[in-house]
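> Please work out how this folds:
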Amino acid sequence: MADKKTNIAAKVRAAVESTITDAGYSLWDVSYYKEGPEMILEIAIDKECGISINDCSAVTRLIEPIIDELDPIEESYCLQVSSAGTVRPLDKDEHISFACQGGLTVNIGLYVAVDGSKEYSGVIVAYDDESINLDCEGTIRRFEKKQIAKINAEFEAPASEEENKENNDE
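Reported below is the predicted structural model:
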């Protein structure tokens with residue numbers, strides 16, 4: 001079933017990515033999973049100034065006809081378009097590359113403690129198919145990908161319109 005879910009997500013991603021990009025958003029992730037009794041097709045989007053509920057609605061209207069025409073899912077499901085969020089799992093090489101190129105601080109959780117800790121925080125300075133090198137306050141640590149239970153990056157939330165107005169008034 002996992003392969004089927006991955007294939008559906010990949011087909012949907014290929015079908016909707018250019019439409020989302022052309023509308024001024026970036027497509028962070030597409031996932032298809034079971035939550036309770038429902039199957040969920042989740043499209044996570046982003047843009048430089050953040051995502052609003054109106055952005056989610058607009059993207060939903062753009063991609064629903066494309067997904068309906070593609071008809072990749074036999075069972076009933078719920079389509080959810082959401083913000084990629086401020087804390088994001090880095091579960092694809094493209095996500096790791098984005099964090100590395102952007103110099104983002106990431107938190108790595110390990111399956112088994114290394115040097116007495118299962119959690120490390122730092123900036124990814126290099127990675128390949130086998131490992132990730134993390135700069136932890138000046139010390140470079142190398143972790144095998146098979147050691148890593150999770151990697152998350154924390155993005156700064158964009159300033160709200162009220163915060164922007166307050167800053168401009170000062």
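> what about the helices in the protein?
2-22, 53-70, 93-102, 161-169 (DSSP state H).
> Now do the first one and helix 53-70, the angle between them.
Relative orientation of helix 2-22 versus helix 53-70 (axes from the mean of the first three to the mean of the last three CA atoms, to 10 degrees): 120 degrees.
> and of the helices of the chain, who's closest to L41?
helix 2-22 (6.5 Å; CB to CB). To be clear about C-beta, it is placed using only N, CA and C from the backbone, and glycine gets the same treatment.
> how far out from the middle of the chain is the closest one?
14 Å (CA atoms, centre = their mean, to the nearest Å).
> helices or strands up against it?
With contacts taken as 3 or more CB pairs under 8 Å, 6 or more residues apart in numbering; DSSP states H and E, helix 2-22 sits against strand 26-35, strand 38-46, helix 53-70.
> Touching the longest one from outside, list them.
Spelled out, that is helix 53-70. 11-12, 15-16, 19-20, 23, 25, 41, 43, 45, 47, 79, 81-83 (CB atoms under 8 Å, 6 or more residues apart in numbering).
> are any of these buried, and which?
11-12, 15-16, 20, 25, 41, 43, 45, 47, 81-83 (16 or more other CB atoms under 10 Å).
> among those, which two are most distant?
K11 and K47 (23.9 Å).
> Can you report how many residues lie near N152?
If you count neighbours by other CB atoms under 10 Å, N152 ends up with 16.
> low-scoring stretches of the chain, by residue?
1-2, 157-170 (pLDDT under 70).
> Break the chain into its domains for me.
2-85, 88-154 (automatic domain parsing).
> hmm, back to that, what's the farthest-apart pair in the contacts of helix 53-70?
Applying CB to CB across the contacts of helix 53-70, the maximum distance is between K11 and K47, 23.9 Å.
> circling back to that earlier point, let's have the helices of the chain in a markdown table, adding distance to G122.
Output for the helices of the chain, formatted as a markdown table (distance: least, CB to CB, whole Å):
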| stretch | distance to G122 |
| --- | --- |
| helix 2-22 | 29 |
| helix 53-70 | 32 |
| helix 93-102 | 11 |
| helix 161-169 | 29 |
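> Tell me which of those helices sits nearest to G36.
Using CB to CB and comparing those, the one that lies nearest G36 is helix 2-22, at 15.7 Å.
> What are the contacting residues of that closest one?
26-27, 30-33, 41, 43, 45, 59, 62-63, 66-67, 70, 72-73.
> Now it: buried residues?
5, 8-9, 11-12, 15-17, 20.
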